[in-house]
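Novice: Structure for this input, please:
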Amino acid sequence: MGVMSDDRVENADEGFARAVLASAADAVVALDRDLNILMWNPAAERLFGFAAADVTGRRVPLVPDELMAEHHAVLERVRTGGPVSLRTRRCHRDGALVDVRVDISALRAESGALLGYVTVYHPVANDSVARERGARRARLVRRLTDVVADINAELELPSVLDRIAASLTELTGADAGGFVLIEDDRLRLVSAHGLPGRLKGATADLRSSLVGKLLRTGKTVLLETGDQAALDELIWSELPGLHTIALGVAAVGGRPYGALYALFAEGTAGHIELELLELLAGHAGIALGNAMAYQDVVRQRAHERAVVDASADGIAVLDDRGRVRQWNPAAEELTGVRAAQVIGGLPPFPLPDPGEKLTTQLSSGRWLDVVSAEIIETGEIVVDFRDVTRAKELEEAKDLFLATTSHELRTPITVVQGFAGTLDARWDKLSDVERRSAVRTIAERSRALGQLMDHLLLGSRSGADELKVRVESFDLGERARVATLGLPVLSDRHRVEIDIPVDLPWVDGDALATDILLGQLLENAFKYSPDGGLIRVLAWPESDRVVLVVDDEGVGIAPGDRERVFDRFVQADSGDRRRFGGVGLGLYIARNLARAQGGEVTAHPRPGGGTRMRFVLRTAPAYIGSDTPNR
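Specialist: Prediction:
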């Protein structure tokens, strides 16, 4: 009978081992040091619902968020000691929680180096040991809740630190405890319990300390025992019999602020103690953040008061009933009401909703812009107000200018048009050159003045919300064709193309207002493409709207100006558009005319350069639902 070779024996052993794992009733999972899956047997697939091919080489979210602290504590205990068994829960692929008993042990090389972890999961319905440990953990977590409440009740930082150190020994059973503050590359003991008081204030090097080691690992807890421990002799050597140190990082604002040390001379630290240490460290960070914030508030109150008192804006603070609690000097000056008169009462003007602005006039005639914001935590309202009387006067003067100018421009227009009529009547007495020159000059001047007058008049009415339109059904395509008649001869540098389907649906709106609007869009297309190019007018149905666009190949509009150009007296300040002059009313009028009809005008970049002005009106009811193509 032949003898098997070493390779065949080794292959047989590997096959046997795989068969054992495949046949095991318990889920067996091997992890590397970074907790990536190395091995995942069929029982693990059945228990958790993940296929081995889907999880091998990556992390799997088996541990519920609320048990992450427990999980970290167990792994740390396994790394520094022996196996750990516990009753816990893990996540199924479908999101359900599975009650399991898990045995966790270290996966080590022959040299003893940690390679990872081996976990064996067994679903349990009743496990008295795990239940007892769970009950103990639950009692300690409830106690932790009480402790955290006590800590958070303190607002002075030294008191908070002392409560944390005392609570640490109570919850973990440690023989002593302390809190060290991270100060650049040093540690400083700022609070201790169970240690001589003279140690308070002692320092150590951060890099060579256990805290430095913990920060380099990226974990939140660390356990050092026996000869492994770098026991920070400067601080901890005076605890006789010290054999184990457990520590957790306390972070404030997401950054390490300090660390909690639990020192064991007679007691021992299990995974529950490590879990509680991690939880307490997290709550300690919150409590420290609160205490620091309180101290900052105390320090900043005087500074804030000085800033408020020096503000040129009126500032008031109201309580949750709307009664004035604070009234700065500027508020007295703006309203004429002294602080002593208004404190405890209502402010002397109406308030806007939080986040809104209200412009109101005082009995003195002064206009105020008032804004308010709510402080959610206290229910207080902060009110800021400033004098806008001058701005209101300027706005009123501007409206008056528009109305007056619109009226006054009628006279020169009438004179120019009358002169043109006179020339027409005396045609035979003038030379041909004189006639043509005079007629052309008068016609151009008349057209320019008439257009300016119309813009000013429409601008005034738009600003006063007095635009009146008559909504009825009309043929937008026909209006667009009429508006473009004669355009090709206005410039030998421009080409005009019209692409409007003959079956374009009719729209609801005001035909006259639309004529003015289209004329403005076409005028802009010519005006802002001084080097010539294609002017293209397109229209198509779109849902229950009809869209008409005017494209040009001109200077375009910067992204930040595509809304501003529709404001009154505004032209785009960037690019080449500023050099074209004008009073900045054309697009303001166009948008107001569109909205008065229930439509809209917007500016967009044209693919390839230039501008696309998009005009949208509602489709007439008779055409809604008809078989019209979209574009």
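
Novice: Which strand residues bridge Ala262?
Specialist: Beta-bridge partners recorded for Ala262 (DSSP bridges): Gly177, Ala246.

Novice: doesn't Leu247 make contact with it?
Specialist: Yes - the pair Ala262 and Leu247 qualifies as a contact (C-beta atoms under 8 Å) at a distance of 7.0 Å. The way it works is simple: take the backbone N, C-alpha and C, and place the C-beta from them, glycine included.

Novice: any residues in contact with both of the two?
Specialist: Leu277 (C-beta atoms under 8 Å, 6 or more residues apart in numbering).

Novice: Show me which helix or strand of the protein is least confident by mean pLDDT.
Specialist: helix 410-425 (a mean of 57; mean pLDDT, DSSP states H and E).

Novice: Not counting residues beside it along the chain, what's closest to Gly241?
Specialist: Ala265 (3.8 Å; C-beta to C-beta, 6 or more residues apart in numbering).

Novice: Could you measure from the one you found over to Pro240?
Specialist: Per C-beta to C-beta, to the nearest Å, Ala265 is found 6 Å from Pro240.

Novice: How about Leu114?
Specialist: 31 Å.

Novice: Any buried residues in whichever strand or helix holds Ile381, and which?
Specialist: Here Ile381, judged by DSSP states H and E, is contained in strand 380-387. Within strand 380-387, the residues that count as buried by 16 or more other C-beta atoms under 10 Å are Ile381, Val382, Val383, Asp384, Phe385, Arg386, Asp387.

Novice: Which of these sits closest to Asp205?
Specialist: Checking the buried residues of strand 380-387 against Asp205 by C-beta to C-beta gives Val382 as the nearest, at 46.8 Å.

Novice: And the pLDDT for the closest one?
Specialist: Among the per-residue scores, Val382 shows a pLDDT of 87.

Novice: what's the closest non-adjacent residue to it?
Specialist: Nearest residue to Val382, sequence neighbours excluded (C-beta to C-beta, 6+ apart): Ala373, at 5.2 Å.

Novice: for Pro83, same thing?
Specialist: Ser105 (3.9 Å).

Novice: For the one you found, the count of nearby residues, please.
Specialist: Residues lying near Ser105 (other C-beta atoms under 10 Å) number 14.

Novice: where do the strands sit along the stretch 401-550 of the chain?
Specialist: 472-474, 494-499, 507-509, 533-542, 545-552 (DSSP state E, counting those that start in this stretch).

Novice: and Val388, what is it in contact with?
Specialist: Residues near Val388 by C-beta under 8 Å, 6+ apart: Thr359, Trp367, Leu368, Asp369.

Novice: same deal with Ala330?
Specialist: With C-beta under 8 Å, 6+ apart, Ala330 has these contacts: Ser311, Ala312, Asp313, Gly314, Ile315.

Novice: quick one: it from Ser364, how far?
Specialist: Ala330 is 15 Å from Ser364, where distance means C-beta to C-beta.

Novice: now swap in Gly49 and tell me
Specialist: Gly49 is 74 Å from Ser364, by C-beta to C-beta.

Novice: ok, these two, which is more surrounded?
Specialist: Gly49 (15 against 10).

Novice: Which pLDDT value belongs to Arg595?
Specialist: For Arg595, the predicted pLDDT is 90.
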